[in-house]
Each structure stands twice: as C-alpha cells, then as structure tokens.
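sequence and predicted structure, then a few things I'm wondering about:
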Amino acid sequence: MTVAAKAAKRQQAPGERTVSCPQPTALLGWYDRHRRTLPWRAAPGEARSDPYRVWLSEIMLQQTTVRTVAPYYRHFLARWPDVQALAAAPLDDILKAWAGLGYYARARNLHACARAVVERHAGKFPAGETELRALPGIGAYTAAAIAAIAFDAPASPVDGNIERVVARLFAVTAPLPAAKPELRRLARQLTPRYRAGDFAQAMMDLGATICTPKNPACALCPWNDACAARERGDQATLPRRIPKLEGDLRRGAAFVARRVDDCLLLRARPAKGLLGGMTEVPTTEWSKDFVDDDALEKAPCFAGKKRMMWRRIVGVVRHVFTHFPLELSVYAAGVPALTKAPAGTRWVPIAELGGEALPSLMRKVIAHALEK
C-alpha cells in the first residue's frame, strides 16, 4: 500500500473509500499547463535555471512575497549579473540595494556566500546539498531548492507552501513546528527521480495558487482525488500550528536632525545584530523599560551648542520585527547649515536618501518627522 493510501486509511472509518495514490505525473502535467512565469524561472524548453539566479531568488523569497521580490531581483541581476560580480561588490552597496526588502541578515549572508563560492568553489555553486549547506546563509530548504531546480537532483525543498500541500495530502494533524520532520519525510517520498526540479517548482506553485491557506481551490487541484484531508473535509484547517508567543513590546526614541540646507544626520548600525550594517537616524536603545522623559539625555550633541531645541513629534512609529513589536517616539530639530556632524555620524542630503541603506523602519521614522 502506498504512503498516501496508508495515511488515508489510518484517518478513515470502516466503509469509507480510500483516496488514490498521488502521482507525480499528474502534478507535472498540471505544472506544464499552469506554471507561473517568474523572472528567475527558466521558460519551458530552456536549459535548467542558472544556479546563481536560483540562489539569489531563493534568498530574496525567504519570508517575502513574489510581488515584492521581483523588482529587487531584476535590479540585483542587472547590477551584479553573476556570483563573481556580487562577491566583488562592497557590502555597503549590497545593503543599499537591499533596503526595504527586510530581514537584513539575508543581505549580509548573500555577500558572504558569494565570496565563499568564489573562494572555495572557483565561482561555481556546488551541486550537492551537503556542500551547499556549508555555504553562509544556505539552510536545508535553500540547499534542496538549488539542488533540485538548478541541477535536477532528486532533492525535496519544503517551504511553507509545500508544508501545507503535504499536510493536507496526508492529513497530518500534528501541529507545526513539531510536524516538520514528518512533513519533510513525506515530501521526500513524493519526489520523483525524474524532472525533480520541475516537481519542486510544481509543489511551490500548487501551494501558492491552488492549495492556499484559506479557501483552497480543491476542484482545480490535480491531486484532489489523492488528498486525505479533502476526503475528510478538514483541508482548510491544515496544517495546524501552535500559536506563536509574541515578544514583549520594546520602546525607544529616534532623533531626526535637519540642517537648513536639507541634510539629515545619519549613522551606521553595528555590523552584527538586528539591522546590522544598515543606516539609521540616531536612536536610543530599544527596551521594555524605556522612559520617554529620559530620551533627550541620549540625543545627539553638536559642538558649540549647549542645548538643542528638540521637539517631540505627535504620535509614535510602530514596527514589528520577527520576535518583538517596537514603538519609537520621534524627536526633530533644526540646525544651521555649517553644523558639523558628531563623531560616528554624517550629514546626507534628503534628495540622496534613496541611495542609502535605510531599512523600512527608518524610512517610516524620517517620513513621520518630515511630514509634521
């Protein structure tokens, strides 16, 4: 008995029919007719995708939507068309190009990985999952995706879309994240040895367009007769998840100093840690016990000015990181044109902010200060 049939039988009462076995050919036939057109995906009939393009797109797509990634991907590819060009680029240029895409550790790992490929592998991505996982920023999913899509190896990448497809196909009711090993095991059993790259992308497309989190279009699914959860009628409830505990709210203050010649005071964040290496306006530390009344003690100090006339901007800027929400009070001040920047900071014309590595949080802070 097949793995799908066994899973279905375990979930069914006596007398109910057993779902059929999910056939890779059914999914691949659907994929050939309905595959998404994506800028990093080889067109039908073309050679397999360039490993560099697969890797670049997969790193960008982590926790980010296809719509958001597409313009960034095109910009990166136009500016750095191969791994050698990316490895030779200054990290600051990569961070600037990444600004707004979020999860900035990915950008630092992108640069480190490019350099490692050039230094360790003569500028060619290795084909094996083990060798790929040894590179900076490449985990199990990304290694399997590169191996399958770029090299047609029978690897089984399992992202959120594929977790959902497999959980429903086999009616896996154990909640995530505990169910991840079982879902990976089942995904490996589904993966064919032929057209493995197309199969991986077909699984991704199925989860993104048909087997969606809400209101899955089961009538259009090429595997609807093989889906144990559909047979049970609880497909929309799977996969189940243990609710995440949101981190404690952190608070702080940000200081937007503007010279009369329309320059803003900026600085670089430490290379390691949250938003490492990105550009910001000066801020206090972000903490659970922040006291707004003490904020000005941490404001930038300018030579020759005993007291700055900082004004508190009405409202706060809210932002949510992976592990905690943040609220920043924003203070603004105007200074003369010849004012020198304090140590560790620099003046940047407002008209040139688009070229800075400002994360979305800092863009919100600056917009909040300038529009008031």
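Perfect, thanks for sending it.

domain ranges for the chain?
Taking automatic domain parsing as the reference, the chain has its domains at 3-237, 250-370.

so which helix or strand of this structure has the lowest pLDDT on average?
Lowest by mean pLDDT, DSSP states H and E among the helices and strands of the chain is helix 3-11, with a mean of 47.

rewinding a little: most packed of the domains of the chain?
Mean neighbour count (mean count of other C-beta atoms under 10 Å) peaks for domain 3-237 among those, with a mean of 18. C-beta: built from backbone N, CA, C; applies to glycine.

make a markdown table out of the domains of the chain and add distance to K244.
Converted to a markdown table, these look like this (distance: least, C-beta to C-beta, whole Å):
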| stretch | distance to K244 |
| --- | --- |
| domain 3-237 | 10 |
| domain 250-370 | 9 |
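
in a strand, L358, correct?
No. L358 is assigned coil when assessed by DSSP: H, G, I helix; E, B strand; the rest coil, not a strand.

ok, now which ones touch it?
Applying C-beta atoms under 8 Å, 6 or more residues apart in numbering, we find L358 in contact with 99, 266, 278-280, 366.

wait, doesn't V320 sit right on L326?
Yes. Using C-beta atoms under 8 Å, V320 is in contact with L326, at 7.3 Å.

so, low pLDDT: which residues of the chain?
1-19, 304-307, 372 (pLDDT under 70).

please enumerate the helices of it.
With helices called from DSSP state H, the chain shows them at 3-11, 24-34, 51-61, 66-79, 83-88, 91-98, 105-121, 129-133, 140-151, 160-169, 180-190, 196-209, 228-232, 360-370.

turn these into TSV, including distance to D248.
Shown next, in TSV, are the helices of the chain (distance: least, C-beta to C-beta, whole Å):
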stretch	distance to D248
helix 3-11	40
helix 24-34	44
helix 51-61	30
helix 66-79	28
helix 83-88	38
helix 91-98	28
helix 105-121	22
helix 129-133	34
helix 140-151	29
helix 160-169	26
helix 180-190	27
helix 196-209	33
helix 228-232	36
helix 360-370	18
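
of the ones you listed, which approaches G273 most closely?
Closest approach to G273 among the helices of the chain is made by helix 105-121 (9.3 Å; C-beta to C-beta).

what angle separates that closest one from helix 91-98?
Comparing the axes of helix 105-121 and helix 91-98 via axes from the mean of the first three to the mean of the last three C-alpha atoms, to 10 degrees yields an angle of 130 degrees.

show me the contacts for the closest residue to G247 other than its chain neighbours.
Distances taken as C-beta to C-beta, 6 or more residues apart in numbering put F324 closest to G247, at 3.3 Å, once the chain neighbours are dropped. By C-beta under 8 Å, 6+ apart, the contact set of F324 is 246-250.

could I have the ChimeraX command that selects the buried members from these?
Entered in ChimeraX, the line below selects the buried ones among the contacts of F324, by 16 or more other C-beta atoms under 10 Å:
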select :250
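
OK, contacts around the nearest residue to L265 once chain neighbours are set aside?
The spatial neighbour of L265 that comes closest, neighbours along the chain excluded (C-beta to C-beta, 6+ apart), is A257 at 4.0 Å. For A257, the residues meeting the contact criterion (C-beta under 8 Å, 6+ apart) are 264-265, 281-282, 300, 302, 308, 332-335.

how near is A257 to A369?
From A257 across to A369, the span is 10 Å (C-beta to C-beta, to the nearest Å).

any shared contact partners between those two?
Among the neighbours of A257, those also in contact with A369 (C-beta under 8 Å, 6+ apart) are A332.

from A112, how far out is Y104?
13 Å.

what distance do you get for the closest residue to E356 other than its chain neighbours to G334?
Among residues not flanking E356 along the chain, T279 sits closest, at 4.8 Å (C-beta to C-beta, 6+ apart). Per C-beta to C-beta, T279 is found 21 Å from G334.

do Q84 as well
Computed as C-beta to C-beta, the Q84 to G334 distance reads 46 Å.

quick one on the thing from earlier: quick one, which of the helices of the chain is nearest to W347?
Using C-beta to C-beta, the nearest of those to W347 is helix 360-370, at 13.8 Å.

report the contact partners of V348.
By C-beta under 8 Å, 6+ apart, V348 lies in contact with 263-264, 266, 356.

hmm, back to that, what bridges to the residue nearest to L265?
A333 (DSSP bridges).

can you tell me how far it sits from M309?
A257 sits 11 Å away from M309, taking C-beta to C-beta as the criterion.

do you know how far A333 is from A257?
Taking C-beta to C-beta, one finds A333 at 5 Å from A257.

identify the contacts common to those two.
Counting by C-beta under 8 Å, 6+ apart, the shared contacts of A333 and A257 are M308.
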